[in-house]
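A.B. asks: only the shape, not the letters, is given here:
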(Lines give C-alpha, C1' and ligand atoms only; values in the text may rest on other atoms or scores of the structure.)
Protein backbone atom coordinates (compact mmCIF):
# COMPACT_ATOMS: atom_id res chain seq x y z
CA UNK A 1 0.00 0.00 0.00
CA UNK A 2 1.38 3.38 -0.96
CA UNK A 3 0.78 5.16 2.36
CA UNK A 4 3.53 7.73 1.73
CA UNK A 5 1.46 9.18 -1.10
CA UNK A 6 -1.88 8.87 0.71
CA UNK A 7 -0.70 10.94 3.67
CA UNK A 8 0.26 13.72 1.23
CA UNK A 9 -3.30 13.83 -0.12
CA UNK A 10 -5.53 16.37 1.69
CA UNK A 11 -8.65 14.43 0.68
CA UNK A 12 -7.37 11.47 2.71
CA UNK A 13 -7.06 13.63 5.84
CA UNK A 14 -10.44 15.28 5.34
CA UNK A 15 -12.01 11.84 5.05
CA UNK A 16 -10.30 10.67 8.25
CA UNK A 17 -11.15 13.80 10.27
CA UNK A 18 -14.75 14.12 9.09
CA UNK A 19 -15.36 10.41 9.61
CA UNK A 20 -14.04 10.58 13.16
CA UNK A 21 -15.87 13.80 14.01
CA UNK A 22 -19.16 12.60 12.52
CA UNK A 23 -18.86 9.40 14.56
CA UNK A 24 -18.29 11.41 17.73
CA UNK A 25 -21.22 13.73 17.05
CA UNK A 26 -23.58 10.90 16.16
CA UNK A 27 -22.69 8.90 19.26
CA UNK A 28 -23.16 11.96 21.46
CA UNK A 29 -26.50 12.69 19.75
CA UNK A 30 -25.30 16.08 18.56
CA UNK A 31 -25.14 17.91 15.27
CA UNK A 32 -22.47 20.30 14.06
CA UNK A 33 -24.83 23.16 15.01
CA UNK A 34 -24.54 22.05 18.66
CA UNK A 35 -20.80 22.72 18.62
CA UNK A 36 -20.82 26.41 19.53
CA UNK A 37 -17.62 26.58 21.58
CA UNK A 38 -14.23 24.89 21.68
CA UNK A 39 -14.86 23.50 25.15
CA UNK A 40 -17.84 21.55 23.84
CA UNK A 41 -15.82 20.22 20.91
CA UNK A 42 -13.01 19.15 23.25
CA UNK A 43 -15.50 17.42 25.59
CA UNK A 44 -16.92 15.42 22.69
CA UNK A 45 -13.43 14.45 21.50
CA UNK A 46 -12.33 13.35 24.98
CA UNK A 47 -15.50 11.35 25.64
CA UNK A 48 -15.14 9.69 22.24
CA UNK A 49 -11.52 8.76 22.91
CA UNK A 50 -12.58 7.09 26.18
CA UNK A 51 -15.29 5.03 24.50
CA UNK A 52 -14.16 1.69 22.97
CA UNK A 53 -17.23 1.49 20.72
CA UNK A 54 -16.56 4.94 19.25
CA UNK A 55 -12.91 4.08 18.76
CA UNK A 56 -13.96 0.92 16.90
CA UNK A 57 -16.21 3.01 14.61
CA UNK A 58 -13.38 5.47 13.99
CA UNK A 59 -11.06 2.56 13.17
CA UNK A 60 -13.65 1.42 10.62
CA UNK A 61 -13.62 4.92 9.10
CA UNK A 62 -9.84 4.86 8.91
CA UNK A 63 -9.96 1.42 7.29
CA UNK A 64 -12.39 2.74 4.68
CA UNK A 65 -10.07 5.64 3.92
CA UNK A 66 -6.97 3.46 3.65
CA UNK A 67 -8.37 0.43 1.84
CA UNK A 68 -8.69 0.57 -1.96
CA UNK A 69 -11.89 -1.29 -2.83
CA UNK A 70 -10.96 -1.44 -6.50
CA UNK A 71 -8.15 -3.93 -5.90
CA UNK A 72 -8.08 -7.47 -4.58
CA UNK A 73 -6.97 -7.82 -0.97
CA UNK A 74 -5.30 -5.12 1.06
CA UNK A 75 -3.17 -3.44 -1.55
CA UNK A 76 -3.06 -0.66 -4.10
CA UNK A 77 -2.99 -1.20 -7.83
CA UNK A 78 0.40 -1.63 -9.47
CA UNK A 79 -0.05 1.81 -11.02
CA UNK A 80 -0.85 3.47 -7.65
CA UNK A 81 2.24 1.89 -6.10
CA UNK A 82 4.41 3.82 -8.57
CA UNK A 83 3.10 7.26 -7.53
CA UNK A 84 5.37 9.58 -5.57
CA UNK A 85 2.73 12.32 -5.26
CA UNK A 86 -1.09 12.16 -5.23
CA UNK A 87 -2.52 11.93 -8.74
CA UNK A 88 -3.85 15.31 -9.85
CA UNK A 89 -6.92 15.15 -12.04
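C.D. replies: Arrived safely. The structure presented is a predicted model; accordingly, all values stated were derived computationally and were not measured. Numbers count the residues shown, from 1 in each chain.
A.B. asks: which sections of the protein are below the confidence cut-off?
C.D. replies: Residue ranges of the chain with pLDDT under 70: 1, 69, 73, 89.
A.B. asks: could you look up the SS state of residue 86?
C.D. replies: On the three-state scheme (DSSP: H, G, I helix; E, B strand; the rest coil), residue 86 is labelled coil.
A.B. asks: please shift the residue numbers so they start at 105 in all later answers.
C.D. replies: Shifting the count to begin at 105 puts that one at residue 190.
A.B. asks: what is the burial count for it?
C.D. replies: Using other C-beta atoms under 10 Å as the criterion, residue 190 is surrounded by 15 other residues. No exception for glycine: its C-beta is placed from N, CA and C like everyone else's.
A.B. asks: nearest residue to the middle of the chain?
C.D. replies: For the chain, the residue lying nearest the average C-alpha position, counting by C-alpha atoms, centre = their mean, turns out to be residue 120 (1.6 Å).
A.B. asks: does that residue belong to a helix or a strand, and which?
C.D. replies: Per DSSP states H and E, residue 120 falls inside helix 114-132.
A.B. asks: residue 169: how many residues sit nearby?
C.D. replies: Neighbourhood size, residue 169 [other C-beta under 10 Å]: 18.
A.B. asks: so for it, what's the nearest residue that isn't a sequence neighbour?
C.D. replies: Leaving aside its sequence neighbours, residue 169 sits nearest to residue 119 (C-beta to C-beta, 6 or more residues apart in numbering; 4.5 Å).
A.B. asks: show the contacting residues for residue 187.
C.D. replies: 106, 109 (C-beta atoms under 8 Å, 6 or more residues apart in numbering).
A.B. asks: the helices in this structure, which residues?
C.D. replies: Ranges of helices within the chain are 107-110, 114-132, 142-153, 156-170, 182-185, based on DSSP state H.
A.B. asks: for the last one, which outside residues touch it?
C.D. replies: I take that to be helix 182-185. Contacts of helix 182-185 from elsewhere in the structure, counted by C-beta under 8 Å, 6+ apart, are 106, 109, 172, 179.
A.B. asks: distance of residue 140 from residue 134?
C.D. replies: 11 Å (C-beta to C-beta, to the nearest Å).
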